[in-house]
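**Student:** Take this sequence and fold it.
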Amino acid sequence: MNMTTRNLVAFMNRSLIILNKPAGLIAQGGKHSLEPKTQTLDYVLEDLKSSLSLKSKPLPVHRIDKLTTGVLILARNPQTAQTLSTQLRQPVSNDIIKTYLALVHGSFEPNYTCDIRRNLYITDGKVSVKKPVATNFKETTSYTTWRCLGSRGDVSLMELGLRTGIKHQLRVTMAQVLDGTLSSSLNSSTPMLI
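**Tutor:** Have a look, this model is predicted:
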């Protein structure tokens, strides 16, 4: 990363730290063992503990995909982590609403809104809108809201409200309902800058 981790802090109080996560930072475990250590959230958390003279490493409350930029909430103690995690997991909770901006294929009228409820199927960590043939899947209902902020040509800027927290919910939902986001490849190694 080009900037120091301390510069990523957007807000901090006694209970939490709000981190401005850059694209490319790996904020969740998985298949990224070959990535440079400095590109991992664990490295950032250790560095924050040291540079901010914290008693313990901050605790991530939620996840954000590697190529996504945005706010990452870090708790400064286990009690805050538990409270915030519970609030984030509550479907249609008014305590915390996760909102994302995405560029999608398709042209819509400004302020056009839609509520999308879809059954999603999870098999071996893969999420799909199609019911799998396999019998070892989990079925869950996703709830997404969206509003068109503006369009130009066949591209629209959408405000997406994540009301349930299912992994890859936005990508899967947008791919089914619209033509998908402009950069929706899970295997892409570089962020798409527009």
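**Student:** Could you report the pLDDT at the spatially closest residue to Tyr143 that is not a sequence neighbour?
**Tutor:** Closest residue in space to Tyr143, ignoring its immediate chain neighbours: Arg163 at 4.0 Å, by Cβ to Cβ, 6 or more residues apart in numbering. Just so you know, the C-beta spots here come from the backbone N, C-alpha and C atoms, and that holds for glycine as well. In this prediction, Arg163 carries a pLDDT score of 78.
**Student:** ditto for Thr190
**Tutor:** Here the pLDDT value assigned to Thr190 is 44.
**Student:** Val44 now?
**Tutor:** Val44 is assigned 92 on the pLDDT scale.
**Student:** all helices of this protein, in order?
**Tutor:** Using DSSP state H, the helices found in the chain span residues 41-51, 78-89, 169-177.
**Student:** Pull out the buried positions in the top strand by length along the chain.
**Tutor:** In the chain, with assignment by DSSP state E, the single longest strand is strand 138-152. Under the neighbour-count criterion of 16 or more other Cβ atoms under 10 Å, strand 138-152 has 142-148, 151 buried.
**Student:** okay, these in a markdown table with pLDDT and distance to Ala102 next?
**Tutor:** Converted to a markdown table, the buried residues of strand 138-152 look like this (pLDDT from 0 to 100; distance: Cβ to Cβ, whole Å):
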| residue | pLDDT | distance to Ala102 |
| --- | --- | --- |
| Ser142 | 84 | 15 |
| Tyr143 | 85 | 17 |
| Thr144 | 86 | 11 |
| Thr145 | 88 | 13 |
| Trp146 | 88 | 9 |
| Arg147 | 93 | 11 |
| Cys148 | 93 | 11 |
| Ser151 | 92 | 13 |
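**Student:** For Leu88, which residues are in contact?
**Tutor:** 61-62, 96, 98, 165 (Cβ atoms under 8 Å, 6 or more residues apart in numbering).
**Student:** that older thread, next, count neighbours for the residue nearest to Tyr143.
**Tutor:** When neighbours are counted by other Cβ atoms under 10 Å, Arg163 registers 19.
**Student:** repeat for Ala81
**Tutor:** By other Cβ under 10 Å, neighbour count at Ala81 equals 19.
**Student:** swap in Leu101?
**Tutor:** Leu101: 11 surrounding residues under other Cβ under 10 Å.
**Student:** Now do the same for it: its pLDDT.
**Tutor:** Leu101 carries a pLDDT value of 89.
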